[in-house]
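Chemist: Give the three-dimensional model of this entry:
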Amino acid sequence: MSTDYIPKPDPNFQDWLGNFITVANANLVALGLLSTEMTQLSTDKSDFDTAITDNETKRAAAKAATERKKVVRGTAETYARALVKRIQAKVGVPTELKAQLQITVPGSTPPTPPIPFPPMDLVANVVGSGTYELTWKRNGNSTNTLFAIEAIIGGSHDWVGVITTSKTSYIHQGNIPGVKIIYQVRAQKGTTFGPPSNIAVVNDSTVPVSPV
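Modeler: Numbering: from 1, shown residues only. Model prediction:
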């Protein structure tokens with residue numbers, strides 16, 4: 001409950017102020033007030049009344065302007081949609097041109113995943129006969145990034161897939177001792193592959209090999 005004797009709502013304040021001026025003017029001597037003081041307060045009330053009227057007029061005008069804006073937009077939008085419908089139905093309109101017109105629905109085409117970063121510091125070491133340990137750094141790729149390990153085995157010239165993993169290490173077993181293997185790793189997000197890492201080479205007939 002408010003403890004202020006002056007009401008907050010503007011219409012109520014107008015009524016309160018009008019009553020105060022009327023009663024005070026009728027009892028100036030008893031209240032110890034001067035007529036000049038009441039004249040000033042009456043002027044203030046008149047200014048406030050004018051401001052209230054002006055505010056209400058502008059609010060009404062703003063409401064009317066908002067309603068007109070809605071009507072005008074609706075007319076323009078309906079006509080534009082009719083033209084777009086004709087364009088969409090026309091065979092042979094290039095996708096690039098539609099993109100320039102901005103008439104594709106946002107989200108209707110799945111966004112292309114960002115290209116992952118190339119893994120770094122790939123190292124391949126012999127840890128047993130025909131068993132090689134691969135380690136690498138994710139190089140800023142998120143924890144849900146997959147890593148595709150690829151290899152060139154023996155005298156081949158083609159990369160073949162070894163395995164895809166979410167880890168940054170892998171034990172490649174079952175290889176033929178003495179057969180040279182070249183490794184690289186690619187980061188993968190969805191169907192998008194990033195550039196390859198550095199290559200690493202191992203051969204059971206040698207000591208563990210550092211990155212190449």
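Chemist: From now on I want contacts and neighbour counts done on CA atoms only, so please keep to that.
Modeler: Fine.
Chemist: Helix or strand with the lowest mean pLDDT in this structure?
Modeler: Within the chain, confidence by mean pLDDT, DSSP states H and E is lowest for helix 95-101 among all helices and strands, at a mean of 85.
Chemist: what's next to it, contact-wise?
Modeler: With CA atoms under 8 Å, 6 or more residues apart in numbering as the test, helix 95-101 has contacts from Thr104.
Chemist: Kindly recompute the last result at 10 Å.
Modeler: Helix 95-101 is contacted from outside by 84, 87-88, 102-105, using CA atoms under 10 Å, 6 or more residues apart in numbering.
Chemist: likewise stretch 30-48?
Modeler: The contact list for stretch 30-48 (CA under 10 Å, 6+ apart) reads 10, 13-14, 17-18, 20-22, 24-25, 27-29, 49-54.
Chemist: Give the helix, strand or coil label for the residue with the largest distance to the centre of the chain.
Modeler: Computed with CA atoms, centre = their mean, the residue of the chain farthest from its C-alpha average is Val29, at 69.9 Å. Counting by DSSP: H, G, I helix; E, B strand; the rest coil, the backbone at Val29 sits in helix.
Chemist: So it versus Leu83, what's the distance?
Modeler: Note on Val29: its distance to Leu83, by CA to CA, to the nearest Å, is 78 Å.
Chemist: Check Gly18 too.
Modeler: Going from Gly18 to Leu83 by CA to CA gives 60 Å.
Chemist: Neighbour count: the two, which is higher?
Modeler: Set Gly18 next to Leu83 and count neighbours by other CA atoms under 10 Å: Gly18 wins out with 16 against 11.
Chemist: Return the set of buried residues in stretch 43-55.
Modeler: For stretch 43-55, a neighbour-count test (16 or more other CA atoms under 10 Å) marks Lys45 as buried.
Chemist: cool, and stretch 153-167?
Modeler: 153, 164.
Chemist: And for stretch 5-22?
Modeler: Buried, per 16+ other CA under 10 Å, within stretch 5-22: 14, 17-18, 21.
Chemist: out of those residues, who's nearest Asn175?
Modeler: Ranked by distance to Asn175 (CA to CA), those are led by Gln14 at 95.0 Å.
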